[in-house]
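*Asks:* Sequence plus the predicted model coming up.
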Amino acid sequence: MALPVKHACPRCQKPGIDGLAKRWSSRGSPAKCEACGGLCHVLASTSSGIWAAGILIVLLSLIAAVGLHSPLFVPSGLVLALACNLWAWKRAKLWPISKESATSATTANWFVTGIAVLLGLS
């Protein structure tokens, strides 16, 4: 397997999306295909679900380790969470997005961030 892994672009179906670009893509900061220049992203619900599943697995392994007095659950939980994360990101679907929609999403993200900061300061 060659590194870095390239994922198929939903527009041109060629391997032009870098693995890290896919992981960090969102509506506000989409990944750019190296083959066609098209923009795409992973849905926020998919991205959040992958991270939540990993955290849940680790927490359950910690609870099992404390409850059953066996520290072996912790490393096995970490390995399981890592395997789940890698598998889920490999299967996560990329969705095409236009440049205009990405720009609008970026503006909305900054607006919400600004409101959150103002609320945090008060």
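*Replies:* Great, that's in hand.
*Asks:* List the buried residues in the helix or strand where V117 lies.
*Replies:* Using DSSP states H and E, V117 sits in helix 99-121. Using 16 or more other Cβ atoms under 10 Å as the test for burial, helix 99-121 gives 102, 105. Every residue, glycine included, has its C-beta placed from N, CA and C.
*Asks:* cool, and stretch 49-59?
*Replies:* Of the residues in stretch 49-59, 50, 54, 57-58 count as buried by neighbour count, 16+ other Cβ under 10 Å.
*Asks:* Restricted to helices, list those residues.
*Replies:* Using DSSP state H, the members of those that fall in helices are 50, 54, 57-58.
*Asks:* Which of those residues sits closest to E100?
*Replies:* For these, the minimum distance to E100 (Cβ to Cβ) is 27.5 Å, reached by I50.
*Asks:* Not counting residues beside it along the chain, what's closest to that closest one?
*Replies:* In this structure, I50 finds its nearest non-sequential neighbour in A88, 4.4 Å apart by Cβ to Cβ, 6 or more residues apart in numbering.
*Asks:* pLDDT value on that neighbour, please?
*Replies:* Model confidence at A88, given as pLDDT, is 95.
*Asks:* tell me the contacts of it?
*Replies:* 49-50, 53 (Cβ atoms under 8 Å, 6 or more residues apart in numbering).
*Asks:* pLDDT (mean, whole number) over the helix holding V117?
*Replies:* 93.
*Asks:* about what we covered before: P71: which of the contacts of A88 is nearest?
*Replies:* A53 (22.7 Å).
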